[in-house]
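S.K.: coords please:
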Amino acid sequence: MKVLDDLISSLSADSGVRDSVVVEVYTTAFWTAVMTRNWGLASTFREEHPHHARVRESGNLRGKPALELAEYVKSDNPMEVSIGIATINSLIDIDETKYAFENAFNILAQKGRGKNIAVVGHFPWTPMLKDIAKNLWVIDHRPRGDDLPAEAAEDILPQADVVGLTATSLINHTFERLMELCQGSFIVMIGPSTPLSPILFDYGLDVISGIKVVEPQEMLHCITEGAIFRQVKGVKL
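M.R.: From the prediction side, this is the model:
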């Protein structure tokens, strides 16, 4: 995807990034964490039968040039893409003076009151949007309850005024098609996988909502013990 090329190119322009190497890589049940200049997180995606897929050079990723590992985002292996996204996130220096510490739910609720809201990806707070929206659609690759299947995006997203878009769309390489379907909507990218890079604004996003790791050991203790995101400590929204 062009967006992934652009993210890597924007980082490559920084001499500090070009000299960065991979210090740590953790791939856990739900989260992948990589340390280069900083710590970066991404959702862990895997094949339906993960024992059939392998991560290239697994066991030898530490010490690699960080930009080389970032190129894993272009892989067809979802686990490698997760590692690549986490690496990209670890290379982005987050200047806290340029960010608001806010929950994406609050933004969607404010912008979507009385309007059609679509959320791509199932988040714990999505049911709370029902009382706010004119219509609420939740689209997920693995639908539950009233969720719609991924195929519904083609019909639903063009009807939405406000869209919450999971950052895992970068991992499963659906981002650019989903953005085409959302034209004219107010779009928020959501989730710890979100690269906090202004490059994403060039693709039509209005808000990018991710995380910053502020207490690495707290974060690692949580993700290596199987924590879902609500249980992960040591990060700022």
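
S.K.: Can you tell me what sits against the lowest-mean-pLDDT helix or strand in the chain?
M.R.: Here the helix or strand of the chain ranked lowest by mean pLDDT, DSSP states H and E is helix 15-18, holding a mean of 88. With contact meaning CB atoms under 8 Å, 6 or more residues apart in numbering, helix 15-18 is reached by Leu11, Ser12, Arg37, Ala66, Leu67, Leu91. For the C-beta atoms, the positions are set from N, CA and C on the backbone; glycine is no exception.

S.K.: my guess is the second one meets Leu67, correct?
M.R.: Yes: contact status for Ser12 versus Leu67: in contact at 6.2 Å, counting by CB atoms under 8 Å.

S.K.: okay, the two: which has more neighbours?
M.R.: More neighbours surround Leu67 than the other of Ser12 and Leu67, with 20 against 13 (other CB atoms under 10 Å).

S.K.: Strands along this protein, start to end?
M.R.: Under the criterion DSSP state E, strands of the chain are mapped to 24-27, 31-35, 39-43, 116-120, 135-140, 148-149, 162-166, 186-190, 207-209, 212-213, 235-236.

S.K.: ok, which pair from the contacts of helix 15-18 is furthest apart?
M.R.: Ser12 and Arg37 (13.6 Å; CB to CB).

S.K.: got a list of what the closest residue to Val34 other than its chain neighbours touches?
M.R.: For Val34, the nearest residue in space outside its immediate sequence neighbours is Ala86; the separation is 4.1 Å by CB to CB, 6 or more residues apart in numbering. Ala86 makes contact with Thr32, Ala33, Val34, Gly40, Leu41, Ala42, Ser193, according to CB under 8 Å, 6+ apart.

S.K.: cool, Gly63 as well?
M.R.: Residues in contact with Gly63 (CB under 8 Å, 6+ apart) are Val21, Val22.

S.K.: Check what pLDDT it gets.
M.R.: In this model, Gly63 is scored at 97, pLDDT.

S.K.: Quick check: phi and psi at it.
M.R.: Here is the backbone geometry of Gly63 (degrees, to the nearest 10): phi 90, psi -10.
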